[in-house]
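Engineer: following is a predicted model, sequence given first.
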Amino acid sequence: MNTFLWKLSCWTSKGRYISTLNLVDPLCLAQWPNFTRLMITPHAMRISAFLIAKPHSVTEIIDVLKIKPQYVFIFVSAAYTVGILEQMDKQDISPQMEVPEAKKAQKKGLLSRILNKLRS
């Protein structure tokens, strides 16, 4: 059923934005779309990865990823129809939702690791 809803939403949106969603409030994906069963729209993987990492508004997606608005609108309408896209208020974004920056792996020698174990 989700496959049918996804395709129907892609075909009927015609690059228009859903009137129930706000352009400036951030969007987040609840789960990764199953692209093995769903029709892949242009730039769908990039948009999905961008929204999984951290909630962003539609205008941010267009500006940062430099994607034509109609492609973003098609993806947003399809994901919203299937139920994997949620719109949040700016106040609802907590610090835990932001992705921490990757720490650089420090190469430690055997002796320093043994000393750290003994200290703790």
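Structural biologist: Noted; the coordinates are in hand.

Engineer: for residue 18, grab the count of nearby residues.
Structural biologist: Residue 18 is flanked by 16 other residues according to other Cβ atoms under 10 Å. Backbone N, C-alpha and C define where each C-beta goes, glycine included.

Engineer: so it makes contact with residue 78?
Structural biologist: No. When contacts are counted by Cβ atoms under 8 Å, residue 18 is not listed as touching residue 78 (10.2 Å).

Engineer: in this protein, which spans are strands?
Structural biologist: Using DSSP state E, the strands of the chain run over residues 27-29, 85-87.

Engineer: run through who's touching the first one.
Structural biologist: The contact list for strand 27-29 (Cβ atoms under 8 Å, 6 or more residues apart in numbering) reads 21, 48, 51-52, 54-58, 61, 76, 79, 84-88, 97.

Engineer: if you set the cut-off to 7 Å instead, what comes out?
Structural biologist: For strand 27-29, contacts defined as Cβ atoms under 7 Å, 6 or more residues apart in numbering pick out 48, 51-52, 55-58, 76, 79, 84-88.

Engineer: select from these the one having the most neighbours.
Structural biologist: residue 79 (25 neighbours).

Engineer: in contact with that one, which residues?
Structural biologist: By Cβ under 7 Å, 6+ apart, the neighbours of residue 79 are 29, 33, 85.

Engineer: OK, contacts around the last one?
Structural biologist: Okay, so that is residue 85. 27, 29, 76, 79.

Engineer: let me know the pLDDT of it.
Structural biologist: Model confidence at residue 85, given as pLDDT, is 88.

Engineer: ok, now how distant is the residue lying closest to it once chain neighbours are set aside from residue 6?
Structural biologist: Leaving aside its chain neighbours, residue 85 sits nearest to residue 79 (3.8 Å; criterion: Cβ to Cβ, 6 or more residues apart in numbering). Distance of residue 79 to residue 6, given as Cβ to Cβ, to the nearest Å: 8 Å.

Engineer: now residue 72
Structural biologist: For residue 72, the distance to residue 6 - Cβ to Cβ - is 16 Å.
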